[in-house]
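> Got a predicted model here, sequence first, then my questions.
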Amino acid sequence: MPFEIPQGLHSDLVGVAWMVGRWEGVGKGTYPGMPDFEFGQQIDFAHNGENYLHYLSQTFEIGEDGKALRPLTMETGFWRPQHDGTIEVVMCHPTGYAEVWYGSITGAKIELSTDAVVRTASAEEYTAGQRLYGNVEGDLLWTFDKAAQGQPLQSHLWARLKRA
(Lines give C-alpha, C1' and ligand atoms only; values in the text may rest on other atoms or scores of the structure.)
Protein backbone atom coordinates (compact mmCIF):
# COMPACT_ATOMS: atom_id res chain seq x y z
CA MET A 1 0.00 0.00 0.00
CA PRO A 2 1.55 3.36 -0.99
CA PHE A 3 2.05 5.95 1.72
CA GLU A 4 0.19 9.26 1.47
CA ILE A 5 1.09 12.56 3.15
CA PRO A 6 -1.42 13.03 6.00
CA GLN A 7 -4.00 15.78 5.48
CA GLY A 8 -3.23 18.98 7.39
CA LEU A 9 0.45 18.10 7.91
CA HIS A 10 2.66 21.14 8.50
CA SER A 11 5.12 21.64 5.63
CA ASP A 12 8.09 21.35 8.04
CA LEU A 13 7.10 17.70 8.67
CA VAL A 14 7.17 16.42 5.09
CA GLY A 15 10.59 14.77 5.65
CA VAL A 16 9.21 12.73 8.58
CA ALA A 17 5.67 12.23 7.24
CA TRP A 18 6.37 8.52 6.71
CA MET A 19 6.48 8.13 10.51
CA VAL A 20 2.95 9.43 11.18
CA GLY A 21 0.58 6.76 12.45
CA ARG A 22 0.67 3.72 14.71
CA TRP A 23 3.41 1.10 14.54
CA GLU A 24 3.34 -2.27 16.31
CA GLY A 25 5.70 -5.20 16.62
CA VAL A 26 8.29 -7.03 18.64
CA GLY A 27 11.75 -5.97 19.76
CA LYS A 28 14.73 -7.39 21.57
CA GLY A 29 16.97 -6.11 24.31
CA THR A 30 20.30 -6.86 25.90
CA TYR A 31 22.59 -5.15 28.40
CA PRO A 32 25.36 -6.25 30.78
CA GLY A 33 24.00 -7.55 34.08
CA MET A 34 20.58 -8.52 32.70
CA PRO A 35 19.30 -11.47 30.66
CA ASP A 36 18.41 -10.87 27.01
CA PHE A 37 14.69 -10.27 26.49
CA GLU A 38 11.92 -9.71 23.95
CA PHE A 39 9.17 -7.11 24.22
CA GLY A 40 6.08 -5.98 22.38
CA GLN A 41 5.90 -2.35 21.32
CA GLN A 42 3.44 0.21 20.05
CA ILE A 43 4.64 3.59 18.79
CA ASP A 44 2.35 6.44 17.81
CA PHE A 45 3.51 9.49 15.87
CA ALA A 46 0.77 12.13 15.65
CA HIS A 47 0.49 15.67 14.34
CA ASN A 48 -1.94 18.48 15.03
CA GLY A 49 -1.07 20.84 12.18
CA GLU A 50 1.86 22.44 14.02
CA ASN A 51 5.55 21.93 13.11
CA TYR A 52 6.26 18.95 15.41
CA LEU A 53 5.22 15.34 15.86
CA HIS A 54 3.98 14.01 19.18
CA TYR A 55 5.62 10.67 20.00
CA LEU A 56 4.38 7.97 22.37
CA SER A 57 6.08 4.59 22.76
CA GLN A 58 4.70 1.83 24.97
CA THR A 59 6.42 -1.49 25.59
CA PHE A 60 4.93 -4.69 26.98
CA GLU A 61 6.06 -8.01 28.34
CA ILE A 62 4.78 -10.58 25.86
CA GLY A 63 3.74 -14.20 26.23
CA GLU A 64 4.76 -17.11 24.02
CA ASP A 65 1.75 -16.30 21.81
CA GLY A 66 3.14 -12.76 21.25
CA LYS A 67 0.26 -11.09 23.12
CA ALA A 68 0.84 -8.38 25.73
CA LEU A 69 0.92 -9.66 29.31
CA ARG A 70 1.72 -6.46 31.21
CA PRO A 71 3.12 -2.99 30.54
CA LEU A 72 6.88 -2.47 30.82
CA THR A 73 7.55 1.22 30.22
CA MET A 74 6.64 4.27 28.15
CA GLU A 75 8.29 7.32 26.70
CA THR A 76 6.74 10.40 25.21
CA GLY A 77 7.98 13.55 23.58
CA PHE A 78 8.14 15.84 20.59
CA TRP A 79 10.06 15.52 17.31
CA ARG A 80 10.95 18.87 15.73
CA PRO A 81 12.50 18.77 12.24
CA GLN A 82 14.55 21.83 11.31
CA HIS A 83 14.93 23.52 7.90
CA ASP A 84 18.58 22.45 7.57
CA GLY A 85 17.83 18.68 7.65
CA THR A 86 18.51 18.30 11.36
CA ILE A 87 16.01 17.29 14.01
CA GLU A 88 15.55 18.06 17.69
CA VAL A 89 13.76 15.57 19.95
CA VAL A 90 12.75 15.88 23.59
CA MET A 91 11.60 12.79 25.51
CA CYS A 92 10.41 11.96 29.04
CA HIS A 93 10.17 8.61 30.79
CA PRO A 94 8.17 7.55 33.88
CA THR A 95 11.38 6.02 35.26
CA GLY A 96 12.68 9.53 35.99
CA TYR A 97 14.52 10.61 32.83
CA ALA A 98 14.25 13.52 30.43
CA GLU A 99 16.43 13.64 27.32
CA VAL A 100 17.32 16.15 24.61
CA TRP A 101 18.37 14.53 21.33
CA TYR A 102 19.88 16.13 18.22
CA GLY A 103 20.26 14.42 14.89
CA SER A 104 19.93 14.36 11.16
CA ILE A 105 17.33 13.28 8.64
CA THR A 106 18.62 11.60 5.49
CA GLY A 107 15.73 10.37 3.36
CA ALA A 108 13.87 7.79 5.46
CA LYS A 109 16.68 7.52 8.05
CA ILE A 110 16.97 9.51 11.28
CA GLU A 111 20.10 9.37 13.44
CA LEU A 112 19.97 10.82 16.97
CA SER A 113 22.44 11.35 19.82
CA THR A 114 21.73 12.69 23.28
CA ASP A 115 22.84 16.20 24.09
CA ALA A 116 21.52 16.02 27.65
CA VAL A 117 20.18 13.31 29.93
CA VAL A 118 18.59 14.55 33.16
CA ARG A 119 17.39 12.19 35.86
CA THR A 120 15.59 12.28 39.15
CA ALA A 121 17.30 11.25 42.38
CA SER A 122 15.60 7.82 42.27
CA ALA A 123 16.40 7.02 38.61
CA GLU A 124 19.24 4.65 37.72
CA GLU A 125 22.39 6.14 36.23
CA TYR A 126 22.11 6.72 32.46
CA THR A 127 24.52 9.11 30.75
CA ALA A 128 24.19 8.95 26.94
CA GLY A 129 22.34 7.38 24.04
CA GLN A 130 22.23 7.01 20.29
CA ARG A 131 19.20 6.04 18.25
CA LEU A 132 18.57 5.16 14.63
CA TYR A 133 15.12 5.11 13.04
CA GLY A 134 14.48 4.06 9.45
CA ASN A 135 11.81 3.04 7.01
CA VAL A 136 12.91 -0.33 5.59
CA GLU A 137 10.57 -2.10 3.20
CA GLY A 138 7.66 -0.11 4.67
CA ASP A 139 8.48 -1.10 8.28
CA LEU A 140 9.82 1.10 11.06
CA LEU A 141 13.17 -0.24 12.26
CA TRP A 142 14.87 1.38 15.22
CA THR A 143 17.83 0.81 17.53
CA PHE A 144 18.88 2.33 20.84
CA ASP A 145 22.45 2.23 22.13
CA LYS A 146 23.01 3.48 25.68
CA ALA A 147 25.70 4.23 28.25
CA ALA A 148 24.45 3.46 31.76
CA GLN A 149 25.42 1.91 35.08
CA GLY A 150 29.12 2.53 34.41
CA GLN A 151 28.99 0.79 31.02
CA PRO A 152 30.20 2.44 27.78
CA LEU A 153 27.80 3.22 24.92
CA GLN A 154 26.59 -0.11 23.49
CA SER A 155 23.66 -1.87 21.87
CA HIS A 156 20.60 -2.11 24.12
CA LEU A 157 17.26 -2.25 22.24
CA TRP A 158 16.08 -2.80 18.67
CA ALA A 159 12.76 -3.54 16.99
CA ARG A 160 10.98 -3.95 13.68
CA LEU A 161 7.46 -2.52 13.72
CA LYS A 162 4.70 -2.69 11.13
CA ARG A 163 2.18 0.03 10.37
CA ALA A 164 -1.05 -0.79 12.21
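Received, thanks.
> from the middle of its chain, how far away would stretch 84-103 be?
9 Å (C-alpha atoms, centre = their mean, to the nearest Å).
> Also stretch 154-164?
8 Å.
> what pairs with whichever strand or helix holds L157, and is each one parallel or antiparallel?
In this structure, L157 sits in strand 154-163 according to DSSP states H and E. Using DSSP bridges, the strands paired with strand 154-163 are strand 21-31 (antiparallel), strand 139-148 (antiparallel).
> Find me the pLDDT at the closest residue in space to H156 that isn't next to it in sequence, would you?
Of all residues not flanking H156 in the chain, K146 sits nearest, at 4.6 Å (C-beta to C-beta, 6 or more residues apart in numbering). From N, CA and C alone the C-beta is placed, and that goes for glycine too. At K146 the predicted local confidence, pLDDT, stands at 97.
> try K67
The predicted structure scores K67 at 86 on the pLDDT scale.
> cool, P2 as well?
P2 carries a pLDDT score of 63 in this model.
> Could you do the one 5 residues further on as well?
Reading off the confidence values, Q7 has pLDDT 89.
> three-state assignment of it?
Secondary structure for Q7, judged by DSSP: H, G, I helix; E, B strand; the rest coil, is coil.
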